[in-house]
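Engineer: Coordinates for the following, if possible.
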Amino acid sequence: MSKVIVHADKATAAKAVAATIRDLIIAKAKAGQNAVLGLATGSTPLPLYAELVRLHREEALSFRNVVSFNLDEYEGLPGDHPQSYRYFMEQNLFRFIDIRRENTHVPAGISADASRTCADYEAAILAAGGIDLQVLGIGRTGHIGFNEPSSSLRSRTRVKTLTRQTFADNRVGAKRIKCTACNGTGDKQGMKEGGMPSSVIKSKQRYGDMSDKDFAELHQSKSDDDLMAMAWRHGYGKGSLHYVNKRKRGLARVEESRLYYNVIGTRDKDLKESFGMQKDQRGWFLEATAGRKRILEAHKAFGTPTII
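Structural biologist: Residues are numbered from 1 along each chain as shown. Now for the predicted structure:
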């Protein structure tokens, strides 16, 4: 049976809910388990997050065994955008406590396939064992987690259109953008289009001047979604593959490269038989496609090569 507890004010409510979360975290830790929290954004949970930070700082409450899932995110906004909910959580909670970054989940605002992203988010919640405790706020229209009153109780993570009232309540600019959310998402007024920060402009110019090959070597570990987010920040448009394609071209160039080593004092026979090297007018080299093991062996023996 559900129970409703009414507190005198926000501060009292925040302390009571924080105490409940504290007890859950401690109990789960003693059992060797994670506490799975569903988190919200907006003004409602701010006093709660402030109290959780206090518990961490003053009472040594650890969040190392906490896994969190946020309700929603705006489609089209990268996680480091000031209007994104990932940014909100970092600024108001995550950076002040010892929660593991990999344990914090906020739906991806930029992805190549929104439907796949939503399905993956649902799967991650199930894999974590479900939500132990959910923090929620209620909008003026009665929406919860951007589930408007017309939403089905059986709905799951999806793209959702907001009502005009919610749209107006969340106004921050002049451009409509969709959002992706856990248990319901919607459209919201996005950031005004206009000038980019100087740091972003400099970054865009730097990558514009950079060769495809150098770009690929610099960003070889980034995911396609990360590169799409960067392209969006640089004004190439939502879903732009500008940097994804730049890296692909660069990787093709890297594969065609030759790695020349300073092999002075090493016998030709050893270079051929032990390292699989070849020789041209420039000197002894390995093809970039020679394989990671062979290249690492050459690096260890002869140092960093000159790549041509």
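Engineer: and the residue positioned nearest the centre of the chain, backbone torsions?
Structural biologist: Computing the C-alpha centroid of the chain and ranking residues by C-alpha atoms, centre = their mean puts Gly79 first, at 5.7 Å. Main-chain torsions, Gly79, degrees, to the nearest 10: phi -60, psi -20.
Engineer: From the chain's centroid, how far away is the longest helix seen in the chain?
Structural biologist: The residue-count maximum for a helix in the chain (DSSP state H) belongs to helix 10-30. Distance of helix 10-30 from the chain centroid (C-alpha atoms, centre = their mean, to the nearest Å) equals 27 Å.
Engineer: do stretch 87-107 as well
Structural biologist: Relative to the chain's own centre, stretch 87-107 is displaced by 11 Å; criterion: C-alpha atoms, centre = their mean.
Engineer: Compute the first-to-last residue distance for stretch 70-83.
Structural biologist: The first residue of stretch 70-83 is 15 Å away from its last residue (C-alpha to C-alpha, to the nearest Å).
Engineer: buried set for that stretch?
Structural biologist: By 16 or more other C-beta atoms under 10 Å, the buried positions in stretch 70-83 come out as 70-79, 81, 83. Where C-beta positions appear, they are placed from N, C-alpha and C, glycine not excepted.
Engineer: Tell me the one among these nearest to Arg100.
Structural biologist: Nearest to Arg100, judged by C-beta to C-beta, of the buried residues of stretch 70-83 is Asn70 at 15.3 Å.
Engineer: Name the nearest residue to that closest one, sequence neighbours excluded.
Structural biologist: With C-beta to C-beta, 6 or more residues apart in numbering as the criterion, Asn70 has its nearest non-adjacent residue at 4.3 Å, and that residue is Val106.
Engineer: Compute the number of surrounding residues for the one you found.
Structural biologist: 26 (other C-beta atoms under 10 Å).
Engineer: tell me the pLDDT at it?
Structural biologist: Val106 carries a pLDDT value of 93.
Engineer: Please name the residues that touch it.
Structural biologist: Counting by C-beta atoms under 8 Å, 6 or more residues apart in numbering, Val106 touches 70, 73, 79, 84-86, 89.
Engineer: got the CA coordinates for the longest helix of the chain in CSV?
Structural biologist: What follows is helix 10-30, C-alpha atoms only, in CSV (Å, rounded to 0.1, in the frame of the first residue of the first chain):
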residue,chain,number,x,y,z
LYS,A,10,11.4,21.8,1.0
ALA,A,11,14.3,21.8,3.4
THR,A,12,12.6,19.3,5.7
ALA,A,13,11.5,17.1,2.8
ALA,A,14,15.0,17.2,1.3
LYS,A,15,16.6,16.0,4.6
ALA,A,16,14.0,13.2,5.0
VAL,A,17,14.5,11.9,1.5
ALA,A,18,18.3,12.2,1.8
ALA,A,19,18.2,10.2,5.0
THR,A,20,16.1,7.5,3.2
ILE,A,21,18.7,7.4,0.3
ARG,A,22,21.5,7.3,2.9
ASP,A,23,20.0,4.3,4.6
LEU,A,24,19.4,2.5,1.3
ILE,A,25,23.0,3.1,0.2
ILE,A,26,24.5,1.8,3.5
ALA,A,27,22.2,-1.2,3.6
LYS,A,28,23.1,-2.2,0.0
ALA,A,29,26.8,-1.6,0.7
LYS,A,30,26.7,-4.0,3.7
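Engineer: quick one, the next helix or strand after it and helix 10-30 angle?
Structural biologist: Next helix or strand after helix 10-30 toward the C-terminus (DSSP states H and E): strand 35-39. Put simply, strand 35-39 runs at 150 degrees to helix 10-30, going by axes from the mean of the first three to the mean of the last three C-alpha atoms, to 10 degrees.
Engineer: Would you list the strands that strand 35-39 pairs with, along with their directions?
Structural biologist: Here strand 35-39 has these sheet partners by DSSP bridges: strand 66-70 (parallel), strand 133-134 (parallel).
Engineer: Leu37: which of those strands is closest?
Structural biologist: Leu37 lies closest, by C-beta to C-beta, to one member of the strands paired with strand 35-39: strand 66-70, at 4.8 Å.
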